[in-house]
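Q: My questions concern the predicted model and sequence given below.
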Amino acid sequence: MSKPRSLALPPRTRAYRLSTARGDFAVLDAAPAPAAVPRHGTVLLLPGFTGSKEDFLALLGPLGDAGYRAVAVDGRGQHETPGPRGRAAYRRKALALDVVAQAAALGDGPVHLLGHSFGGLVARAAAELAPDAFLSLTLLASGPTKVARSQRVRVRALRTAFALLSKERVWQATRWLDSRGEEPGVTDPPEIVAFLRRRWMRTRIAQLAGAGRLILGDPDGTAALGALPMPLHIAYGDEETVWPVQALAAAAARTGAHHTVVAGAGHSPNVSHPEELAARLTAFWDLSAQTRAPRAAAGRNAAEASS
C-alpha cells in the first residue's frame, strides 16, 4: 500500500468514472501541460494491494509537465470502483481484461502501462493477454518473482483475519501493525487517516482476498515477461521490502528490461520520490518506440536460455 502525503488534485487533473466495455472505473486523469509540446503519449497507472488511484497523486503533475497524459485507476472492487462480491470476479484473467478495456476506453491507441506492487501482477497479465494494447510495461516495486517471505506471512494473516473478524477490527489491527514501523512521534494528518480508513472500508473484501490469493499463488513469470514484444522497465527503491531487491535485479537482467533503482526510496517511490521517478519513467517511455523490436528479440533469447 502507498500512503499519499496530500489529497490535493494536481493541476489539470479530473476525477471521473471512465466508461468501458467492462463497466465504469473511477480514475484520476491528468492532462499534459499546455507548454509540453509535442505531447508524448498516455500512461495507465495501476495501484497495489490495499491501494487506490490516489497512490499516484504526487506523480501525476510531474508526468503531465513532461508531456504525458497520466491516468490512475481504481480496479474493480477498489476504493471508488464498485465490484462484485464473488470470488470469480477477481481472478487474474478478469482483472487483466478490465485493464485492456480501460486502455481502449482512453481513446489514445496503445498506451504505456505501469503497475505498482500487486498492480504489477495485473499489468503483466494484461500485457500477456493483449500486447498490442500497450506500448511498454513498467513494473514499479513489483516483480515476476515471489514476494519476500515476510510479506507472504502478512498476506496470509490478513486473509485469515477477514474470515474471523469484522472489517473494522481488521482495519484497526492493520493500522496498529503499520504504526510499529513509523518513526516515534510521527503521526499522519487527520485527513490522511480519514482517507485511509474510507478507502479500506470501501474496498471489497472479495477484492482484498482475491488480490492476496493472487500474490501468494502467482508463479515465477520471468520467462513470460521476457517474451513480451514490448519494452520493459523494472523500477524500485533501494530500500524495497516487499520484493527482494536481488530478485528484482536478476529479473531485469534476465529479461533485458530497463532497470531503475531509486536511491533512498522504499516500496513507494511514487510517493517519496515523485520528481525523480517521473524523470526516470519519461526517459524510458521516450525511448520505447525506438527499442521495442530489439528488446523483444532480447527477451525471447532470455526466455529461451532460461528454459
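A: Yep, it's here.
Q: Give the residue spans of the stretch 151-300 of the chain that score low on pLDDT.
A: 177-186, 289-300 (pLDDT under 70).
Q: For it, which segments count as helices?
A: 167-179, 190-202, 205-217, 222-226, 245-255, 269-272, 274-306 (DSSP state H, counting those that start in this stretch).
Q: Name the SS class of L135, please.
A: strand (DSSP: H, G, I helix; E, B strand; the rest coil).
Q: returning to that earlier point: among the helices of the stretch 151-300 of the chain, show me which one is buried the most.
A: A comparison of the helices of the stretch 151-300 of the chain by mean neighbour count, using mean count of other C-beta atoms under 10 Å, puts helix 269-272 on top with a mean of 26. For the C-beta atoms, the positions are set from N, CA and C on the backbone; glycine is no exception.
Q: can you give me the offset of stretch 30-44 from its chain's centre?
A: 20 Å (C-alpha atoms, centre = their mean, to the nearest Å).
Q: Stretch 270-278 too?
A: Centre to centre, stretch against its chain (C-alpha atoms, centre = their mean), the figure for stretch 270-278 is 14 Å.
Q: List the contacts of that stretch.
A: 2-5, 55-56, 58-59, 61-63, 65-66, 116, 140, 235, 237, 262, 264-266, 269 (C-beta atoms under 8 Å, 6 or more residues apart in numbering).
Q: One more: stretch 12-31?
A: Stretch 12-31 is contacted from outside by 9-10, 32-33, 53-54, 56-57, 60-61, 63-64, 69-76, 79-82, 97-98, 101-102, 104-106, using C-beta under 8 Å, 6+ apart.
Q: Out of the residues you listed, which end up buried?
A: 10, 32-33, 53-54, 56-57, 60-61, 63-64, 69-76, 79-81, 97-98, 101-102, 104-106 (16 or more other C-beta atoms under 10 Å).
Q: Among those residues, name the ones in strands.
A: Judged by DSSP state E, strands contain the following of the buried ones among the contacts of stretch 12-31: R69, A70, V71, A72, V73.
Q: how near is K167 to Q102?
A: Separation of K167 from Q102 (C-beta to C-beta, to the nearest Å): 27 Å.
Q: now do R175
A: 31 Å.
Q: go on, A253?
A: Distance, A253 to Q102, by C-beta to C-beta: 31 Å.
Q: For stretch 69-87, measure first residue to last.
A: Distance between the two ends of stretch 69-87: 33 Å, counting by C-alpha to C-alpha, to the nearest Å.
Q: quick revisit: A209: which of the ones in strands among the buried ones among the contacts of stretch 12-31 is nearest?
A: V73 (20.3 Å; C-beta to C-beta).
Q: Bridge partners for that closest one, pull those for me.
A: Note on V73: beta-bridge partners by DSSP bridges are V27.
Q: need the contact list for it.
A: V73 touches L18, F25, A26, V27, L44, L45, L46, P47, K53, T81, Q102, counting by C-beta under 8 Å, 6+ apart.
Q: Give me the pLDDT value at the fourth one.
A: I take that to be V27. You'll see V27 listed with a pLDDT of 98.
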